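*Asks:* can you look at this prediction? I've put the sequence above it.
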Amino acid sequence: MVIMAVPPSSLTYQPVLKRIAEEIEHTPGRGRPADYIPALAARDPRAFGMAVAELDGTVYGVGDWREPFSTQSITKVFTLALDLAREGDELWEHVGREPSGNPFNSLVQLEHENGIPRNPFINAGALVVTDRLQTRTGDAAGELLALLRAESGNPDLDFDEEVAASETAHGDRNAALAHFMASYGNIDNPVPALLDQYFRQCSIAASCADLALAATFLARHGIRADGTRLLSRSQAKQVNAIMLTCGTYDAAGDFAYRVGLPGKSGVGGGIIAVVPGRCALCVWSPGLDERGNSVAGVAALDRFTTLTGLSVF
Ligand code: GLU
């Protein structure tokens, strides 16, 4: 149950967003765009956009909120939801739900834990989820794209083939993770086919408006934009809980402390966040801190929950 500090009728988001954008504009130090995927390195670290989507699909935004960016690991939330909807709790025999305490692409823990990744939001865990969704659907990335298009109401969302190719060309670490888990019997599909699905999923370009809308099913406790149910209320709670504890790399504790919302970041500089029962947010600024989270993105969400009192705590 969310404690609402501000009654719905008295809160208008636009002035809050405007104030946050002005504060961010005057904040020095924006971090650096990810350069381990060369196609991401060229983005301007001073770009900034933020959007809030209400449960009925009304969206508010500021700055570059309609500018598409590389969604990267944000997509892990949606593939998790798609797979959980299909296979339910059996998934948890193949991937855990604990924070990893290690970088998102670490190999170290996997050997100690017999090829079972700590959670679905580190790369190893996301590879397992994509593998399982691929087995069930034959086109995991296509299912994901269809979900994002439907929930955002934007039929133009698509894969960015340049980013996918760039990741494939620099994908040795993810290939190592997938092969290593395959050696433990925790991957069903041929590794090259799985990597193709995974890189395509990470490459999808979308804006803050698109992603805030797409994440709103988690604020609606599992109900999609068309009124049908994707997840049970309990599963939506579970996904939100894993976002809170594991969604922002090895800085989830600090994110919970500062922002107080379930969130998921990506190395493209985007972060989605959910206020259950109320709204979903997306913020984007490409400059990252040393743990891989958008510097201005975390600061903006921190200011949002501070100014509005909207938090799960
Ligand atoms: N495609 C990126 C990778 O696999 C995703 C990383 C991220 O956004 O956390 O390295």
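*Replies:* Received the coordinates, thanks.
*Asks:* contact partners for Phe180?
*Replies:* 107, 110-111, 115 (C-beta atoms under 8 Å, 6 or more residues apart in numbering). (Each C-beta comes from the backbone N, C-alpha and C, glycine too.)
*Asks:* so what does the closest residue to Asn154 other than its chain neighbours have for phi and psi?
*Replies:* In this structure, Asn154 finds its nearest non-sequential neighbour in Asp210, 5.1 Å apart by C-beta to C-beta, 6 or more residues apart in numbering. Note on Asp210: backbone dihedrals following degrees, to the nearest 10 are phi -60, psi -50.
*Asks:* pLDDT at Asp210, what is it?
*Replies:* Note for Asp210: predicted pLDDT of 98.
*Asks:* please report how far it lies from the ligand.
*Replies:* Distance of Asp210 to the ligand, given as C-beta to the nearest ligand atom, to the nearest Å: 17 Å.
*Asks:* closest to the ligand out of the contacts of Phe180?
*Replies:* Nearest to the ligand, judged by C-beta to the nearest ligand atom, of these is Leu107 at 12.9 Å.
*Asks:* now the phi/psi pair for the closest one, please.
*Replies:* Torsion angles, degrees, to the nearest 10, at Leu107: phi -100, psi -20.
*Asks:* can you count the residues close to it?
*Replies:* Leu107 sits with 14 neighbouring residues when counted by other C-beta atoms under 10 Å.
*Asks:* surely it is in contact with Ala176?
*Replies:* Yes. Applying C-beta atoms under 8 Å, one finds Leu107 in contact with Ala176, separated by 6.2 Å.
*Asks:* where along the stretch 101-250 of the chain do the strands fall?
*Replies:* For the stretch 101-250 of the chain, applying DSSP state E, counting those that start in this stretch gives strands covering 205-206.
*Asks:* what does it have sitting close to the ligand?
*Replies:* 104-105, 123, 167, 174, 202 (C-beta under 6 Å from any ligand atom).
*Asks:* now those in TSV, with pLDDT and neighbour count?
*Replies:* TSV is the format used below for these (pLDDT from 0 to 100; neighbours: other C-beta atoms under 10 Å):
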residue	pLDDT	neighbour count
Phe104	67	21
Asn105	73	16
Asn123	94	21
Glu167	93	24
Asn174	96	22
Cys202	97	28
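*Asks:* which one of those is nearest Val77?
*Replies:* Closest approach between those and Val77, by C-beta to C-beta: Cys202, at 12.4 Å.
*Asks:* confidence score at the closest residue to the closest one other than its chain neighbours?
*Replies:* Nearest residue to Cys202 in three dimensions, chain neighbours excluded: Gln72, at 5.0 Å (C-beta to C-beta, 6+ apart). According to the prediction, Gln72 has pLDDT 97.
*Asks:* for Gln72, list the residues it contacts.
*Replies:* 40, 202, 266-268, 270.
*Asks:* now do the phi/psi pair for Phe69.
*Replies:* According to degrees, to the nearest 10, Phe69 has phi -140, psi 170.
*Asks:* before we move on, the earlier item: how about the contacts made by the residue nearest to Asn154?
*Replies:* 68, 148, 152, 154, 157, 282.
*Asks:* residues touching the closest residue to the ligand within the stretch 101-250 of the chain, list them.
*Replies:* For the stretch 101-250 of the chain, the residue closest to the ligand is Cys202, as judged by C-beta to the nearest ligand atom, at 3.5 Å. By C-beta under 8 Å, 6+ apart, Cys202 lies in contact with 70-73, 75, 163-164, 167, 266.
*Asks:* ok, so of these, who is nearest Tyr36?
*Replies:* Nearest member of the contacts of Cys202 to Tyr36, counting by C-beta to C-beta, is Glu167, at 9.5 Å.
*Asks:* show me the contacts for the closest one.
*Replies:* 37, 39, 174, 199, 202-203.
*Asks:* of the contacts of Phe180, buried ones?
*Replies:* 110, 115 (16 or more other C-beta atoms under 10 Å).
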